[in-house]
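[1] with the sequence up front, the predicted model follows.
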Amino acid sequence: MTPTTPLGRTAVALDERFAGAKGMRKLLNKVFPDHWSFMLGEIALYSFIVLLLSGVYLTLWFKPSMTEVVYNGSYMPLHGVRMSEAYASTLNISFDVRGGLLMRQIHHWAALFFVSSISVHMLRVFFTGAFRKPRELNWIIGVILLILAVVEGFAGYSLPDDLLSGTGLRIAQAIMLASPLFGTWMAFFVFGGEFPGLDFIPRLYTVHVLLIPLIFLGLIGAHVGMVFYQKHTQYPGPGRTNKNVVGYPLLPVYIAKAGGFFFAVFGVIATLGALVTINPVWLFGPYVPNQVSAGSQPDWYMGFLDGAVRIMPNWEVHLWSHTLSLNLVVPAMLMPTALIGLVVAYPWLEAWATGRTGEHHLLDRPRNVPTRTALGAAFLSFYLLLFIASGDDIISTTFHLAFNDITFLFRVLIFVVPVLVFWVTKRIALSLQRRDIDRLMHGNETGNVLRLPHGEFIEVHAPVNERDRARILSNPAIEPLPMPPATDAAGVRTPNYRAKRLQAKVSHFFYGDRIPMPSAEEIAAAQAHLDAGHHGHDELTH
Amino acid sequence: MTQDHPAIDPSRPQAAEVAHEWRAADLDPVAERRAERQVAGLFGAATLLILASVLIYGFTDYNATVGVPLLGDVNVINVFMGLTFGLGVFCIGAGAIHWAKKLMPDVEVVEDRHPLTSDEEARAAFAETFAAGVADSGILKRGILRRSLLGAMALFPLPLIVLLRDLGPAPTHGQLNHTIWRAGTRLVTDVTYLPIKAADVPVGGLVNAVPENLPQVEEQDGTLNARAKSVIIVVRLNERDIIAQQGGTPSAPWDYQGILAYSKVCTHVGCPISLYEQRTHHLLCPCHQSTFDLADAGKVVFGPAARNMPQLPITVDAEGYLIARSDFQQPVGPSFWERA
């Protein structure tokens, strides 16, 4: 076949060099399941592209230098003020480069979108069990991407060297100083000596525009590549099984939708950048170590750390002429490390408690795995409480409360609320399962009330539709692992008895409270009952 | 090994296929043409909006402003170029998605998944090839080669780490524990650098102060390091209100007739403390709400800070200006490991 169009000739020329026809055809036919929650990760990817584009523009004018200059640009309130070149060039971008402020604001909004969408995407992945085998490694890559996004965001808003970001850097330096053993050395190495020095902004700049973006590129490539290779998970529904993928082919539908969505995300970010002021550094003024503004707040993703630092009691240990600042080591180092460790280990913990080894491609409905959902909700409440605690001064001034009381309250709530949230969430999830089974067995209420010949009133129930039926039937109703016997019939002690007993206990914690699914016969009987025109709960006994 | 999801367990009832619901544009040519017009309209709007954004850039003065309801006076290029560009780009996306949803086939297709596990045969073949390759290399047999290679490889990153040594100087006792305050250094007001006469500080008053030689030090040094450690606040209390101080003797007190000098750098994470409540003599850090009582040796009364605010011993010189008696007697700012 000789191609006649230019596109065809190009394709042939490429195929003569790479023999890609077969693979490319498969790629074009690749199926992607459709669901709104799958777009959260796409938002993260697209805001990353917007970050790269807008970031390149900013580098063309930004000067990463802490050398002092006297400002004489067009922002009159700061005329004649001494400031670092970094801050002066940020003012220059904001006021003297045409559209510069737009680029800055697009970059900052894209960064907020990036961190936010990664966070919400991770919550989706967690609550639907998409992290299970075979996707545990991609879960870890996701965790690393989130941590890097937070670090990169902090680096980004620290670069302008304004009063707000300088205060943030001072806090970061103090946390370094507080690290046991090598903290002082680390702070001196990172800052090139004492705070603030002249080295830090240029170093941070290299990290922000080169080092972390390179790691991002590699990890995002691996992340998306794994989704491609392992194929996307899908929600339960009619015809959807653990062994197939139901959705739209790459060409044309997915390309149009995903490609279009990139432009939609870009459009929203650019519109926000045009209309909504973000990080107005000219109002904060240049960084001076002896000034600070009350009500200083970091970008939202640093809030939970700040909140933890605020509510931590002022413990400091002095031993053998050394100082251990527990008031920083615990909230700013141990707490985040423990959280990250928990999140990274979770897929293996759950698999161990479940005792299953197979592949999982069909997503869970959160209600069907009550303990996981409750753990996630408890984690979220812990995080949100720390986040709210970072605004204790704002709460104090807004509601005219003593911040002393607020702080003490948070010290209690941080332990009590997650437990309550766990319990409530688990109960809600179990109740939703009962409701599902009720709908499956007795049908949906229609609101039509029928009067029977003998005078009785009943409400007509209609069978659930196929889509809901498939979703309800997807409940795995996992049973907990049985307690291992201490010894077998011959009286020989079970190998690894303690480990197995612990596993059974954890399994019981996860799956002890369960709503068993009715058997196929029971469902068929209920179905026949409904189809025969009998309606309502009262007539059916099982 | 692969355990099926219960939903496809044959003993459980299987979900039936659902009949496809056709869209208006699939059945009705009028609806189809309407959808086509809508998509074309979005792409057309995108073209015009993006063109407008370039024209706004080209034909507007760079600092032209215009009053907009809700936004106030805004820069024309930033707001209107951004707005037209953003909406234009959004229209491209909206058009493409609308096209996909209304006009492209919406019949879902099914693709099989294959287990992500190789079969035993493939694994065995891989293990065999790998073992053969390792054997061919001789790395297991030739221990001397293996060990000498490991030694070289272990040292290979060392120079790269050593080269990082000059990232910064080693922390010194002087840097960690001292500031530029010396005996006799005059306290001068921050920003204006005027010496402070003791008689001019009223009871209840507060002055932000720095050492008099700070401008010269900054001129030589080029950094803000000295400032970051030496800033102080000077307050005057009724002498009978002062409960305790961090040092001093009746003959050489650390205050001067109720005038106290304390570091301005929070002992928690180093924020400059700026909120002083005259009635309670409390000093509040705006970063994490650590509160210090200046009447009671600067001790922590609330918040995450662990250490008292360091006090600077002061007195007056012959002309009645406030001077330091010495440097701080403890390190200022946040704690660090080597701090005694």
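    Received the coordinates, thanks. Residues are numbered from 1 along each chain as shown, chains lettered A, B, ... in the order given.

[2] who touches the residue nearest to residue A:137 when sequence neighbours are not counted in this structure?
    Computed as Cβ to Cβ, 6 or more residues apart in numbering or on different chains, the closest residue to residue A:137 that is not its neighbour in sequence is residue A:226, at 7.0 Å. Where you see a C-beta, it was placed from the backbone N, CA and C, and this is true even at glycine. Contact partners of residue A:226, counting by Cβ atoms under 8 Å, 6 or more residues apart in numbering or on different chains, are A:135, A:137-138, A:141.

[3] list the buried residues of stretch A:195-207.
    Residues A:195-202, A:204-205 are the ones in stretch A:195-207 that count as buried (16 or more other Cβ atoms under 10 Å in any protein chain shown).

[4] which ones among those residues map onto helices?
    Among the buried residues of stretch A:195-207, the residues falling in helices (DSSP state H) are A:200-202, A:204-205.

[5] show me what contacts the nearest residue to residue A:316 once chain neighbours are set aside?
    Closest residue in space to residue A:316, ignoring its immediate chain neighbours: residue B:306 at 3.4 Å, by Cβ to Cβ, 6+ apart. For residue B:306, the contact set (Cβ under 8 Å, 6+ apart) comprises A:314-316, A:325, A:327, B:267-268, B:300, B:335.

[6] doesn't the residue nearest to residue A:137 belong to a helix?
    Yes. Per DSSP: H, G, I helix; E, B strand; the rest coil, residue A:226 lies within a helix segment.

[7] quick revisit: per-residue confidence for the residue nearest to residue A:316?
    Here the pLDDT value assigned to residue B:306 is 93.

[8] report the entries of the buried residues of stretch A:195-207 that also contact chain B.
    Filtering the buried residues of stretch A:195-207 for proximity to chain B by Cβ under 8 Å from any Cβ of the partner chain leaves A:195-199.

[9] got CSV for the residues you listed, with distance to residue B:114 too?
    Formatted as CSV, those follow (distance: Cβ to Cβ, whole Å):
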residue, distance to residue B:114
A:195, 57
A:196, 57
A:197, 57
A:198, 58
A:199, 54
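
[10] could I get those as TSV with pLDDT and distance to residue A:259?
    As requested, these are exported to TSV (pLDDT from 0 to 100; distance: Cβ to Cβ, whole Å):
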residue	pLDDT	distance to residue A:259
A:195	92	47
A:196	93	45
A:197	92	46
A:198	94	46
A:199	95	43
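
[11] and residue 40, how many residues sit next to it?
    Picked chain A for this. The number of residues packed near residue A:40 is 18, by other Cβ atoms under 10 Å in any protein chain shown.

[12] ah, I was thinking of chain B
    Around residue B:40 there are 12 other residues, counting by other Cβ under 10 Å.

[13] tell me the confidence at it?
    At residue B:40, pLDDT is 98.

[14] that one belongs to a helix, doesn't it?
    Yes. Under three-state DSSP, residue B:40 falls within a helix.

[15] tell me how far it lies from residue B:34.
    Going from residue B:40 to residue B:34 by Cβ to Cβ, to the nearest Å gives 11 Å.

[16] again with residue A:326
    68 Å.

[17] equivalent analysis for residue A:412, please.
    60 Å.

[18] higher neighbour count, these two?
    Using other Cβ under 10 Å as the criterion, residue A:412 and residue B:34 rank with residue B:34 on top: 14 against 10.

[19] host element of the spatially closest residue to that one that is not a sequence neighbour?
    Using Cβ to Cβ, 6+ apart and skipping residues adjacent in sequence, the residue nearest residue B:34 is residue B:25, 7.7 Å away. Residue B:25 is part of helix B:24-27, with elements assigned from DSSP states H and E.

[20] just the buried positions in that helix, please.
    residue B:25.

[21] elements contacting it?
    The helices and strands touching helix B:24-27, judged by 3 or more Cβ pairs under 8 Å, 6 or more residues apart in numbering or on different chains; DSSP states H and E, are helix B:29-59.

[22] buried residues in the helix it packs on?
    For helix B:29-59, by 16+ other Cβ under 10 Å, it's B:32, B:35, B:38-39, B:42-43, B:45-46, B:49-50, B:52-53, B:56-57.

[23] max pairwise distance over those: which two?
    B:32 and B:57 (38.6 Å; Cβ to Cβ).

[24] any idea which element the residue of the stretch 351-500 of chain A found nearest chain B lies in?
    As assessed by Cβ to the nearest Cβ, chain B sits closest to residue A:470 within the stretch 351-500 of chain A, at 3.2 Å. Applying DSSP H and E as the criterion places residue A:470 in helix A:466-473.

[25] show me which of the contacts of residue A:226 are buried.
    For the contacts of residue A:226, buried by 16+ other Cβ under 10 Å: A:135, A:138, A:141.

[26] what kind of secondary structure is the last one in?
    Using three-state DSSP, the three-state assignment for residue A:141 comes out as helix.

[27] check the gap between it and residue A:215 for me.
    Residue A:141 sits 11 Å away from residue A:215, going by Cβ to Cβ.

[28] same deal with residue A:529?
    For residue A:529 relative to residue A:215 (Cβ to Cβ), the value is 60 Å.

[29] burial of residue 71, as a residue count?
    Just so you know, I chose chain A. A count of nearby residues for residue A:71, using other Cβ under 10 Å, gives 19.

[30] if you could check chain B rather than the one you did, that'd help
    13.

[31] so what's it up against?
    A:275, B:79.

[32] cool, residue A:62 as well?
    For residue A:62, the contacting residues are A:86, A:89-90, A:93, A:159, A:205, by Cβ under 8 Å, 6+ apart.

[33] so which of those residues belong to helices?
    Short answer: the contacts of residue A:62 in helices (DSSP H) are A:86, A:89-90, A:93, A:205.

[34] which parts of the stretch 101-250 of chain A are helices?
    Taking DSSP state H, counting those that start in this stretch, the helices of the stretch 101-250 of chain A run over residues A:136-158, A:163-178, A:183-191, A:200-206, A:212-230.
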